[in-house]
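In: Sequence first, then the predicted structure, then my questions.
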Amino acid sequence: MRVQSFSWAGAVTTAGAIRTWAAGSEQDVAEPVNEIGQAVVGERDAALMRLTARFDATEQMPGSLRVDPEEIDAALEAIEPALRDAMEVAAANIRTVAEAQVSEELSAIELPQGQTVQMREVPVAAVGVYAPGGRATYPSSVLMCAIPARVAGVERVALASPPGPDGRLTEPVLAAAALSGVDEVYSVGGAQAVFAFAYGTETVDPVDVVVGPGNVWVQEAKRQVIGLVGIDSYAGPSELMVIAGHDTDPEWAALDLCSQAEHGSDGRLVAVAVEEHVLESVAAAVARTATERPEVADAPLALVQVPDLSDAINLANAFAPEHLELMTADTAMLAERVVTAGCVFVGRYGATAFGDYAAGSNHVLPTSRTGRFAGPLGPGTFRRKIATVDVPEAAATKLAPHVKVLAAAEGFPVHGESAMIRREKGR
């Protein structure tokens, strides 16, 4: 694992230095992702087939971009009972948390002039879920994205995921789709899947919102289609900051950090501690753990010694990590001070892995400091607010002069006329 120690220079400066160092090996993918988007828009299905052959199914192409619904249903019956049980536990917890987030409609608010304004929420019509592939298979991402969409009331939920060398999606991914109530599944991966959902092709109908984690290519594609469709957030590559204390088990902290390194070498891992010996113990444990697990060897780990725990929280808020583990005393009090992390795990038993799979919280979280203005994926990602305004005659009479004055100040006199005619020529 690539390890770098950072001297304390204040929360904002230190956080920026860590991100600059970790980003040193990242690709600039904006232009090649744009080329993929242009290909999908111009060639449609033909581009998806060509790009799938290039990036995903290197040995055998899928027979069709869309997976047969019977194959999806069969996968749920075919997976091992233990895996199905685990999926069902995770699905139930995810659904319970999602249902708790769906708010009731607000009562109509009556204003002093007599008009009423009511806000209500309605689901978007169609959602495209992206589940990554490649180094691993992600049935958990299917559950995390599709179940909240269903709870939100979305009518059509489509899934895209990269096919493997045999040209097919794995049974766990298809089983998760069946368990989540996904309507359509497509054997398409990468940035091209995002563009297919945004623009549509002969086989893939366009959607209103695209969600899901992924590498920098997928996230760049999501960024490029904002405005044409909604997205959840910039969700990837993975990030974890661990704030360790004198009673932190370094082996536990090391496994937590290395578990996130499994997602790839482009993630960001940070270990923070007040005591130097605590940081040294965690770093040594990470070195031992990474040596035994070569798949995590290339991940970057930043080590930061801070003056006190208050500075550690300030660093977390400046860094805005996707995952934050508070493995110190007084975690509840510290957690209340965290305002930018995607998800906070408190206490020595609060491993990020629980949130990644089965705790019920969502693992599609904002990365790259977007936690400053975005939050976890949930039913709200798939719902939009509509205002209903009822202006009776008495309210129109009182409001019209104010509208006329404001409209004139902005240079839009017809707005004023539109309001005043209801005062002057009403019933």
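Out: Looks like it arrived, so ask away. Everything numeric in this text was worked out from a predicted model, so none of it was measured.

In: Return the residues in contact with Gln115.
Out: For Gln115, the contact set (Cβ atoms under 8 Å, 6 or more residues apart in numbering) comprises 389-392, 395, 399. In this view, the C-beta of every residue, glycine as well, is placed from N, C-alpha and C.

In: again, only using 7 Å
Out: With Cβ atoms under 7 Å, 6 or more residues apart in numbering as the criterion, the residues that contact Gln115 are 389-392, 395.

In: if I look at the residue lying closest to Asn317 once chain neighbours are set aside, how far off is Glu239?
Out: Leaving aside its chain neighbours, Asn317 sits nearest to Thr340 (5.0 Å; criterion: Cβ to Cβ, 6 or more residues apart in numbering). Here the criterion is Cβ to Cβ, to the nearest Å. By it, Thr340 lies 12 Å from Glu239.

In: More neighbours: the two, which one.
Out: Glu239 (27 against 19; other Cβ atoms under 10 Å).

In: Quick check: phi and psi on that one?
Out: Note on Glu239: its backbone torsions stand at phi -140, psi 140 [degrees, to the nearest 10].

In: on that earlier part again, quick check, the residue nearest to Asn317 in contact with Leu324.
Out: No - here Thr340 lies out of contact with Leu324, judged by Cβ atoms under 7 Å, at a distance of 9.0 Å.

In: List the buried residues for the helix or strand of the chain with the lowest mean pLDDT?
Out: In the chain, the helix or strand scored least confidently by mean pLDDT, DSSP states H and E is helix 331-335, which has a mean of 86. Residues of helix 331-335 classed as buried: 331, 334-335 (neighbour count, 16 or more other Cβ atoms under 10 Å).

In: Could you export the very next helix or strand once past it as PDB, CA atoms only?
Out: Using DSSP states H and E, the helix or strand that follows helix 331-335 in sequence is strand 343-346. Output of strand 343-346 as PDB, limited to C-alpha atoms (Å, rounded to 0.1, in the frame of the first residue of the first chain):
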ATOM      1  CA  CYS A 343     -22.000   8.100   6.300                       C
ATOM      2  CA  VAL A 344     -20.600   8.100   9.900                       C
ATOM      3  CA  PHE A 345     -19.900   4.800  11.700                       C
ATOM      4  CA  VAL A 346     -19.600   5.100  15.500                       C
END
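
In: Could you point out which residue ranges in the stretch 101-250 of the chain have low pLDDT?
Out: Across the stretch 101-250 of the chain, residues meeting the criterion (pLDDT under 70) sit at 103-105, 134-135.

In: Do a quick rundown of the helices in it.
Out: 139-152, 171-180, 190-199, 216-224, 250-261 (DSSP state H, counting those that start in this stretch).

In: can you redo those as JSON lines with mean neighbour count and distance to Asn93?
Out: Output for the helices of the stretch 101-250 of the chain, formatted as JSON lines (neighbours: other Cβ atoms under 10 Å; distance: least, Cβ to Cβ, whole Å):
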{"stretch": "helix 139-152", "mean neighbour count": "27", "distance to Asn93": "10"}
{"stretch": "helix 171-180", "mean neighbour count": "25", "distance to Asn93": "13"}
{"stretch": "helix 190-199", "mean neighbour count": "29", "distance to Asn93": "27"}
{"stretch": "helix 216-224", "mean neighbour count": "22", "distance to Asn93": "26"}
{"stretch": "helix 250-261", "mean neighbour count": "22", "distance to Asn93": "19"}
